[in-house]
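Enquirer: Make a model of this:
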Amino acid sequence: MKKLFILLLLVLLCGCSGTAPAQEDSSNVLRVGMECDYAPFNWTQVKASDTAVQISSVDYADGYDVVIASMIAKELGREVQIVKTDWDSLIPSLNAGAIDCIIAGMTETPERAKEVNFTTPYYESQMVVIVRKDSDLVSIDDIQQLSGRKVLGQINTTYDEIIDQINGVEHLTPLATYPRMILSLQSGEADAITAELPVANGVVAANPDLAIVEFAEGKGFVVDTSVSIAVAKENTELLNSIQTALDKITADQRLELMSAAVERQPAVEE
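Expert: This is a model prediction of the structure:
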């Protein structure tokens, strides 16, 4: 009986002294938050490709933001992980530590800068509107010619905020995603939707019933159309590392990457 007790004790001691299961080291992963629903900056697709990053067992993320994220992660010696996140949850997710940075076509604003830090812009465009091709708005060149019309933007974005620059506009309740905005325009619920030019180019290429309206100099929206990468306030080391990596991507490269993203987005191919 005594020998049996000692044997059992030795077994227990050996079990307790065993090595605990290894925890996955996340230090070599760059977790990047984006909507994956904002072509050509980012979108979701079911096919693998040279530029896409797998985000689930069946889906991949691709787009300009995904390529920029992959290039930065490679420069940092990390593996990129795209975390599909609703727009309104991006900054809360960053500050909660669920992601390391946001690369999602996000413009730095005074309000956002109070919550997170930003790199210098990684892309800059111009603000336009998209209308139906058979609309009398196709030929306008001044945002004030949208007075009295129903104009729609995306919730909690500059797309929505700038609409009030139009005198007498019928400012529609903003929607959560850009695809829903397009459907609202096509159905006649909206007369125009706001967009950055790369987004508008992709939308019109995919929807021949729509057209882009660009405005004359001094007649358009007063708005910052640059987009930057967001990092948590306390993570200055990562911010500096990302900025250094970003600085190595030339202006010409950025233009080429955006043109390629517009060309290959799924809606255009279909």
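
Enquirer: Identify the residues contacting the residue nearest the centre of the chain.
Expert: By Cα atoms, centre = their mean, the chain has its centre lying nearest to residue 104, at 2.0 Å. When contacts are counted by Cβ atoms under 8 Å, 6 or more residues apart in numbering, residue 104 touches 33, 34, 35, 38, 41, 42, 65, 87, 90. Quick note: C-beta positions are derived from backbone N, CA and C, even for glycine.

Enquirer: give me every residue that touches the fifth one.
Expert: For residue 41, the residues meeting the contact criterion (Cβ under 8 Å, 6+ apart) are 34, 63, 64, 65, 104, 105, 198, 199, 227, 261.

Enquirer: Show only the entries of the residues you listed found in strands.
Expert: 34, 104, 105, 227 (DSSP state E).

Enquirer: farthest pair in those residues?
Expert: Greatest spacing in the ones in strands among the contacts of residue 41, by Cβ to Cβ: 34 and 227 (11.2 Å).

Enquirer: Between these two, which has more neighbouring residues?
Expert: A count of neighbours by other Cβ atoms under 10 Å puts residue 34 above the other of residue 34 and residue 227, at 28 against 24.

Enquirer: mind checking how far the more buried one is from residue 49?
Expert: Distance, residue 34 to residue 49, by Cβ to Cβ, to the nearest Å: 17 Å.

Enquirer: before we move on, what about residue 264?
Expert: 8 Å.

Enquirer: again, but for residue 235
Expert: 31 Å.

Enquirer: Quick check on these two: which one has the bigger neighbour count.
Expert: Counted by other Cβ under 10 Å, residue 235 and residue 49 do not tie: residue 235 has more neighbours, with 17 against 10.

Enquirer: Spit out the contact partners of that one.
Expert: For residue 235, the contacting residues are 100, 117, by Cβ under 8 Å, 6+ apart.

Enquirer: And it, its phi and psi?
Expert: Phi and psi for residue 235, reported as degrees, to the nearest 10, are phi -100, psi 60.

Enquirer: tell me the domain ranges of this protein?
Expert: 28-124+225-269, 127-213 (automatic domain parsing).

Enquirer: Tell me which of those lies nearest to residue 219.
Expert: domain 127-213 (4.1 Å).

Enquirer: end-to-end on the closest one?
Expert: Start-to-end span of domain 127-213 (Cα to Cα, to the nearest Å) is 10 Å.

Enquirer: Now it: average pLDDT?
Expert: The average pLDDT for domain 127-213 rounds to 96.

Enquirer: which ones are touching residue 221?
Expert: Counted by Cβ under 8 Å, 6+ apart, residue 221 has contacts 127, 143, 162, 165, 194, 215.

Enquirer: Any quick PyMOL command for the buried ones out of those residues?
Expert: Here is the PyMOL selection string for the buried members of the contacts of residue 221, based on 16 or more other Cβ atoms under 10 Å:
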select buried, resi 127+143+162+194+215
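
Enquirer: Could you dump the domains of the chain into TSV with distance to residue 219 added?
Expert: As requested, these are exported to TSV (distance: least, Cβ to Cβ, whole Å):
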stretch	distance to residue 219
domain 28-124+225-269	16
domain 127-213	4
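
Enquirer: Only the buried residues of the helix or strand that contains residue 257, if you could.
Expert: Taking DSSP states H and E as the criterion, the element that holds residue 257 is helix 251-264. Of the residues in helix 251-264, 254, 257, 258, 261, 262, 264 count as buried by neighbour count, 16+ other Cβ under 10 Å.

Enquirer: distance of the last one from residue 128?
Expert: In other words, residue 264. For residue 264, the distance to residue 128 - Cβ to Cβ - is 22 Å.

Enquirer: Likewise for the fourth one?
Expert: Residue 261 is 18 Å from residue 128, where distance means Cβ to Cβ.

Enquirer: What segments of the stretch 151-270 of the chain are strands?
Expert: 170-171, 192-196, 210-213, 226-232 (DSSP state E, counting those that start in this stretch).

Enquirer: what lines up beside the first one in the sheet?
Expert: In its sheet, strand 170-171 lies beside strand 150-152 (parallel), with partners assigned from DSSP bridges.
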